[in-house]
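**Q** Sequence and predicted structure below; questions after.
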Amino acid sequence: MIHRLSDLAPSEFGEPLPPGADPKVLRDELVAAAEWVSQYLSELPAGPVSRPMPARQRVRLREAPLDREGMELGRVLDFVQDEIASFPTGNGHPAFFAWVNSPPAPAGVIGEFLASAVNATCGMGENALMDLERGTVRMLAGLAALPDTTGGVLTSGGSLANLLALATARTWFLTRRGSGDGPAYDRDHARLTLYYSAQAHMSVAKAAACIGLPAHRLRPVATDAHDRLDPAALHAAVTADLDAGLLPFCTVTTLGTTATGAVDPLEPVTELCRSTGLWHHADGAWGGLGAAVPALASLYRGIGTVDSLTVDPHKTLSVPVGCGALLVPDSEHLHTAFAHRASYLTAGDGGDALPWLSHATIELTRPGTRALALWATLNHLGRDGVTALIEHYLTLADQLRQRITAHPRLALLPSGPWPVACFRITDPDSGDPDAFHARVADRVRARGLAYLATVAVRDRTVLRACLCNYRTTTDDLDLLISEVLHAADADQPPRRR
């Protein structure tokens, strides 16, 4: 085992065959890459949030041919520095307020880098990273206040987790009816109906389409004045479909809606699902860990009784992008839905052998980077650190809302408990307020000092600022408001004297 850089020795067999590299060259490039990453992250707040990418560069990245001769290993870092890093999404910057898109936590960066060198798959075969994934799933379940029996899998994000959840719910529902296959499957599948909040993430409807549910059997349920799913409206929709001979099979609640951060009521939805035989999936991609925060815990009563829960550590915890999770209190439901056998994939017969994780998802080859990056981030934070991080975002959101409320030209819209502020400018000299607010957001982004998005709230386009960057300070809040007002003034036509 190599313990020191000096232990690395040149190859005894001459130049290594690509894609291999001489150990000294590899060491030098890894050191250079690590130094660049450290400098890039430390200097990032001082630069613009984002930069427009020149059209010629976009074409070059899309259409560059592969040369006949291979390049030197050092060119990789040069390429990233010159062609990639200068044109990011912007989510690493503390003045980025657009989507729920966090910067990478340092522990996660290190964990992902190390896991890529180990390069174990967390789908088949037994290895340490697969057990580590099982362990991190249990850690997430504990933070989310799910039962100790909870299992699940890490995913690329909330979209895949929601897809797995709906596919699992479908299999569970049809198997219970005795229509898991054959003509009965075709008959019953053609009557399945799905329910979700009208404020649900678009990935829910997309997942439904992927498992074969047409749009006319999807039921976006009305929300109340606080943008939460209305249990009475849900009950009415389910009852009407049962009376029409359809088969309601699953309801999706949202814990932290994208637009306003609302949290759907859990207990009445679960009660309805139990009485009517539906699966209850909670999409907590953003707000799934709210039970760990004392100020939010009351909103999560009943979370332990849901059938499945999506969480996105790359949102709430700043794990590097590509780390979501589906948590299922009874993981056998996942195995029923996804376990498939093949003669070339045979699990060991050890006494403590567990089902491979590929039996709980659609992926066979699965990266171990998710597990180690998540483990490193969670353990760097600790349970108290997770709570403190979320509380930091909640505090920043409250401070931003106070600034908006105090400003005579800004109007704050009601929002849920998660850290987001939706607001409008009160004095637009424009015939189309929605288009005006879209232009303001465009101008803010174009200046590069701050970045925010728009969203439709009650059929109005509003400015939306999300707080999910651990490096954001109150100075960044003041900068955002200043940039919004500057962009609004730039949109005003010249006044006649």
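**A** Thanks, I have the structure now. It should be emphasised that the depicted structure is a prediction, and the values quoted were computed from it without experimental measurement.

**Q** Domains in the chain, by residue range?
**A** 5-46+51-87, 121-341+353-371 (automatic domain parsing).

**Q** Give me the mean pLDDT for the longest one.
**A** In other words, domain 121-341+353-371. Domain 121-341+353-371 shows a mean pLDDT of 96.

**Q** now the first one
**A** Per-residue confidence for domain 5-46+51-87 averages out to 86 on the pLDDT scale.

**Q** from the chain's centre, how far out does that domain sit?
**A** Chain-centre distance of domain 5-46+51-87: 28 Å, with CA atoms, centre = their mean, to the nearest Å.

**Q** cool, stretch 221-231 as well?
**A** On CA atoms, centre = their mean, the centre of stretch 221-231 falls 23 Å from the chain's centre.

**Q** Run through the residues that contact residue 370.
**A** With contact set as CB atoms under 8 Å, 6 or more residues apart in numbering, residue 370 has these partners: 122, 133, 154-155, 319, 322-323. Every residue, glycine included, has its C-beta placed from N, CA and C.

**Q** let's see 10 Å
**A** Listed by CB atoms under 10 Å, 6 or more residues apart in numbering, the contact partners of residue 370 are 108, 111-112, 115, 122, 129, 132-133, 136, 153-156, 313-314, 319-320, 322-325.

**Q** repeat for residue 132
**A** 115, 120, 122, 368, 370-372, 374-375.

**Q** Mind doing that once more with 7 Å?
**A** Residues near residue 132 by CB atoms under 7 Å, 6 or more residues apart in numbering: 371-372, 375.

**Q** and of those residues, the nearest to residue 272?
**A** residue 371 (35.5 Å; CB to CB).

**Q** what number of residues lie near that closest one?
**A** Counted with other CB atoms under 10 Å, the neighbours of residue 371 add up to 28.

**Q** Test my guess that it contacts residue 122.
**A** Yes: Residue 371 is in contact with residue 122 according to CB atoms under 7 Å; the separation is 6.1 Å.

**Q** and which of the contacts of residue 132 is nearest to residue 145?
**A** Using CB to CB, the contacts of residue 132 come closest to residue 145 at residue 375, 20.1 Å.

**Q** looking at this, the closest one is in a helix?
**A** Yes: under DSSP: H, G, I helix; E, B strand; the rest coil, residue 375 falls within a helix.

**Q** Show the contacting residues for the residue nearest to it when sequence neighbours are not counted.
**A** What sits nearest to residue 375 in space, not counting adjacent residues and going by CB to CB, 6 or more residues apart in numbering, is residue 136, at 5.1 Å. Residues touching residue 136, when contacts are defined by CB under 7 Å, 6+ apart, comprise 371, 374-375, 378.

**Q** Just put the domains of the chain in a markdown table and tack on distance to residue 407.
**A** Below are the domains of the chain laid out as a markdown table (distance: least, CB to CB, whole Å):
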| stretch | distance to residue 407 |
| --- | --- |
| domain 5-46+51-87 | 25 |
| domain 121-341+353-371 | 20 |
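
**Q** Deepest-packed of these, please.
**A** Highest mean neighbour count of those: domain 121-341+353-371, a mean of 20 (counted as mean count of other CB atoms under 10 Å).

**Q** Residue 274 versus the residue at minimal distance from the centre of the chain, what's the distance?
**A** For the chain, residue 312 is the residue whose C-alpha lies nearest the centre (CA atoms, centre = their mean; 4.2 Å). Per CB to CB, to the nearest Å, residue 312 is found 27 Å from residue 274.

**Q** same deal with residue 489?
**A** 55 Å.

**Q** ok, back up a step: give the contact list for the nearest residue in space to the residue nearest to the centre of the chain that is not next to it in sequence.
**A** Of all residues beyond its chain neighbours, the one nearest residue 312 is residue 285 (4.2 Å), with distances taken as CB to CB, 6+ apart. Neighbour list for residue 285: 158, 201, 310-312, 315, 324 [criterion: CB under 7 Å, 6+ apart].

**Q** Try it again at 10 Å.
**A** By CB under 10 Å, 6+ apart, residue 285 lies in contact with 100, 157-159, 161-162, 201, 203, 254-256, 258, 309-316, 324-325.

**Q** quick one, helices of the stretch 201-350 of the chain?
**A** 202-210, 231-243, 267-276, 313-316, 332-338 (DSSP state H, counting those that start in this stretch).

**Q** Let's see the shortest one as CSV, backbone CA atoms only.
**A** This means helix 313-316. Taking C-alpha atoms only, helix 313-316 is exported to CSV below (Å, rounded to 0.1, in the frame of the first residue of the first chain):
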residue,chain,number,x,y,z
PRO,A,313,-28.6,15.8,-0.5
HIS,A,314,-27.2,17.8,-3.4
LYS,A,315,-29.8,20.4,-2.6
THR,A,316,-30.1,20.6,1.2
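
**Q** Against which helices or strands is it packed?
**A** In terms of contacts (3 or more CB pairs under 10 Å, 6 or more residues apart in numbering; DSSP states H and E), helix 313-316 is packed against helix 128-143, strand 324-328, helix 369-406.

**Q** Check the gap between residue 411 and residue 476 for me.
**A** 21 Å.

**Q** These two - which one has more neighbours?
**A** Of the pair residue 411 and residue 476, residue 476 is the one with more neighbours under other CB under 10 Å, namely 21 against 15.

**Q** Would you confirm that that one contacts residue 400?
**A** Yes: between residue 476 and residue 400 a contact is recorded at 9.4 Å, counting by CB atoms under 10 Å.

**Q** Now the common contact residues for these two.
**A** 97, 467.

**Q** Check residue 400 and give its pLDDT.
**A** Per-residue pLDDT puts residue 400 at 98.

**Q** Could you pull up the residues touching it?
**A** Applying CB under 10 Å, 6+ apart to residue 400 gives the contacts 97, 412, 419-421, 423, 465, 467, 472, 474, 476-478, 480-481.

**Q** Backbone dihedrals for the nearest residue to residue 335 once chain neighbours are set aside, both of them.
**A** Setting aside the residues directly before and after it, residue 335 is nearest to residue 359 in space (CB to CB, 6+ apart), at 5.1 Å. Residue 359 adopts backbone torsions of phi -80, psi 0, taken as degrees, to the nearest 10.

**Q** go on, residue 302?
**A** Reported as degrees, to the nearest 10, the phi and psi values for residue 302 are phi 90, psi 0.

**Q** and it, how far is that from residue 239?
**A** Applying CB to CB to residue 302 and residue 239 gives a distance of 22 Å.

**Q** my guess is the residue nearest to the centre of the chain meets residue 258, correct?
**A** No: taking contacts as CB under 10 Å, residue 312 lies outside contact range of residue 258: 11.5 Å.

**Q** Need the overlap of contacts for those two.
**A** Counting by CB under 10 Å, 6+ apart, the residues touching both residue 312 and residue 258 are 100, 285-286.

**Q** Distance to residue 87 added to the helices of the stretch 201-350 of the chain, as CSV?
**A** Shown next, in CSV, are the helices of the stretch 201-350 of the chain (distance: least, CB to CB, whole Å):
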stretch, distance to residue 87
helix 202-210, 26
helix 231-243, 44
helix 267-276, 43
helix 313-316, 20
helix 332-338, 38
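
**Q** mind checking which of those helices is nearest residue 141?
**A** Closest among these, using CB to CB: helix 313-316, at 12.5 Å.

**Q** Overlap in contacts, residue 371 and residue 122.
**A** Taking CB under 10 Å, 6+ apart as the contact rule, residue 371 and residue 122 both touch 115, 129-134, 154, 357.
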